[in-house]
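**Q** Here's a sequence, model it:
(chains A and B)
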Amino acid sequence: MSINRDKFGALLFLCLALIYGFYVGDIPLLFGDEDAPFNARTLPNALAWLLGVVSFVQLILPTNREAGSLEHAFRGLKWKRVVILAALMVFYGLTIRQLGFPISTSLFLMGGFYTLGERRPLVLILTAVGVTLAFWGLLYAMGIYLTPGDFFYYLGWMSNDA
Amino acid sequence: MLEGIFSGLSTAVMPINLLMVAVGCFAGTFIGMLPGLGPITAIALMIPITYGFDPSTGLILMAGVYYGAIFGGSTSSILINAPGVAGTVATAFDGYPMAQKGQAGKALAIAAYSSFSGGTIAAIFLLVAAPALASVSLSFQSGDYFALMVLGLTAVSAFAGKGQVLKAITMTLFGIMLSTIGTDPAAGVARFTFGSMDLVDGISFLLLAMSTFALSEALLSILRPTKDTRSEEEKALKSLGSMKLSKEEVKTMVPVIGRSSVLGFFTGVLPGAGATIASFLAYGMERNIASAKEKLGFGKGSIRGLTAPETANNAACSGSFVPLLTLGIPGSGTTAVMMGALISYGVQPGPRLFVEQPDVFWSVIISMYIGNIVLLVLNLPLIPYISRLLALPQQLLVPFVLFFSLVGVYLVTFNTMDIHMMVIAAGIAIGLRLLNYPMAPMLLGFILGKMMEENLRRALAISDGSISFLWERPITLVILIISILFLAAPLIGNLRSWLANRKATVPNDGEI
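**A** Take a look at the predicted model:
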């Protein structure tokens, strides 16, 4: 038996409302704010209740058969390439400082093109490097300077005195 | 007012602004033609580019992109029956049959003339309505603003479509919840930061808009591959046929344009309605008032059937600027993104904008005329050339969209943590999209959430902690009653259909 897509969504939001509501208690209050008509916890409290009620109502309302099952909604999706692209984005975030904008961006773009099926080495390299350098130059012209990367400073190829 | 118009005109005709209108229209047309990418993504991708500009220039560029994206969406609707944006679905009803009859060029010309007329007439309405509403709204108090924001949020949910109302309400609440992350502006205490310094300032609007629209739409196009229609579109553009219209055809179009402009503008002004609803309403209205003989032509390439939705969707785009510019309340996901961008430029949209930064206010309105002219004079003849960009293969296009989204956010904060947060937010957005949750109400909730809390807090402080401010002023009370009606109408409708279904499925006593 598979759960209805709408019901699953409502269940997720009900859980979110409960977790959010639980952490409302962690919001610190200033002295005397406890009795104030509106404090830092007022809106979050109201939101937790409202979301809880709305998702609960959605859970108990008759099932919308048009929504289909959860299994149906997630069937036939090409996750592999999306996961690789997500990993590439994380890699980009981790390396943009160390390797610098030109190298990390070129690698990210090349990885992205390759993941999506581009196999011609010339297109891969020229497009990625060309766009990266053009964008880097455009940013420089706009007065935004992105350093080539910490890596080059460690190697001594670049100097901080410049 | 005249002084304002001239000041707006002088700003709008500055070379940089004229260039931005043209660039915006081109970029918008291109992105609007791409399957899966809508105007919100198009505008979100432009935000980082606009940071270096003057607020007027930035907003002019975004308005151009908005118009362009709607126009681009019409092109793919007409040529290949694949609307790039929801607002142009109704365009395909009669546009595509025309293209099939070998009149693609004519259909594109009708779409362009209708869009131009609808946009221009609505911009005239905007010119009159916006300053009037702005001067009225100067007398609004915190309580009224709170009520208006509630109205904006409930209307978005109410117009969400059949079976989507509760989901839209859920997403609105989720958006407001996200807006509570960070430091509480009044008390200065941290909320839901879990000790992370990266969350102390809250979630950036740009990060949220980019990851939930640009990133997630690009990734979804890979996750759920749809038929790549670009080569089909390119092929159709090569055999457009004549773009000339006969006198009779123009005569048929004129009254339709008049009616649909008015309908489109006022639908656009309503928070939550917008281009999609306006185009369907206009199509429905035109069909209803047509003679029995003309009715038969609808869906088979009727000029009236193509003119009405095309006029209305562009008029609605102009109309949606009214609540944004005069009340500071975005009526749609697209204007919510624009509002977020304006706030990040340091410009607060609302009634004070008209007084404090009239150049921004007026130049945007004037640039709408210029944008419409650009679309008609430059974009229409250049459509076959713009379409060449569609030849860019998807394996190159998607990484570019991802790159521009990531770097757009990174260039604002220079914080690599933002890139990782974007990946997480895009993942959540993809999951929610697969569960069929709409994203625009979340963005609207996120933007209005902070302002709503601030106004509610102020109103309560003024009324000494009493909630009587909700009914003391007639305007507040009226707005709140409308909000309740907006919210109750679809719920009552759903309940009635459920009861009717139940009655139909429960067998009568006599049948047992």
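**Q** Going by C-alpha atoms from here, please, whenever you check contacts or count neighbours.
**A** Will do.
**Q** Got the phi and psi for residue B:81?
**A** phi 60, psi 30 (degrees, to the nearest 10).
**Q** Break down chain A into its helices, ranges please.
**A** A:5-24, A:42-60, A:70-73, A:79-95, A:101-115, A:121-141, A:150-155 (DSSP state H).
**Q** list the buried ones in the first one?
**A** By neighbour count on 16 or more other CA atoms under 10 Å in any protein chain shown, the buried set for helix A:5-24 is A:5-11, A:13-14, A:16-18, A:20-21, A:23-24.
**Q** same check, this time on the longest one
**A** Within helix A:121-141, the residues that count as buried by 16+ other CA under 10 Å are A:124, A:125, A:127, A:128, A:129, A:131, A:132, A:133, A:136.
**Q** How much space separates the second one from residue A:131?
**A** Translated: residue A:125. 10 Å (CA to CA, to the nearest Å).
**Q** do the same with residue B:50
**A** Applying CA to CA, the value for residue B:50 to residue A:131 is 20 Å.
**Q** What part of chain B, helix or strand, is modelled with the least confidence?
**A** Lowest on mean pLDDT, DSSP states H and E among the helices and strands of chain B sits helix B:230-238, with a mean of 65.
**Q** I'd like to check what contacts the following helix or strand past that helix. Which residues are they?
**A** Following helix B:230-238 in sequence order, the next helix or strand is helix B:247-269 (DSSP states H and E). The contact list for helix B:247-269 (CA atoms under 8 Å, 6 or more residues apart in numbering or on different chains) reads B:114, B:117-119, B:121-122, B:125, B:273-275, B:277-279, B:281-282, B:286, B:303-304, B:307-309, B:311-323, B:331.
**Q** low-scoring stretches of chain A, by residue?
**A** Counting by pLDDT under 70, chain A contains low-confidence ranges at A:1, A:156-162.
**Q** got the domain boundaries for it?
**A** Domains of chain A are assigned by automatic domain parsing as A:5-73, A:79-155.
**Q** from the chain's centre, how far out does the longest one sit?
**A** Right, the one you point to is domain A:79-155. 18 Å (CA atoms, centre = their mean, to the nearest Å).
**Q** Residue B:154 and residue B:427: what is the separation?
**A** Distance from residue B:154 to residue B:427, by CA to CA: 27 Å.
**Q** between the two, which one's more packed in?
**A** residue B:154 (26 against 20; other CA atoms under 10 Å in any protein chain shown).
**Q** wait, doesn't the more buried one sit right on residue B:488?
**A** No - in this structure, residue B:154 is not within contact of residue B:488 by CA atoms under 8 Å, at 9.6 Å.
**Q** Does chain A have contacts with stretch B:156-172?
**A** Yes - judged by CA under 8 Å from any CA of the partner chain, stretch B:156-172 and chain A are in contact via B:166, B:169, B:170.
**Q** Residue B:453 and residue A:43 touch, don't they?
**A** Yes - between residue B:453 and residue A:43 there is a contact under CA under 8 Å: 7.0 Å.
**Q** Comparing these two, which residue is more hemmed in?
**A** Between residue B:453 and residue A:43, residue B:453 has the larger neighbour count (other CA under 10 Å), namely 24 against 20.
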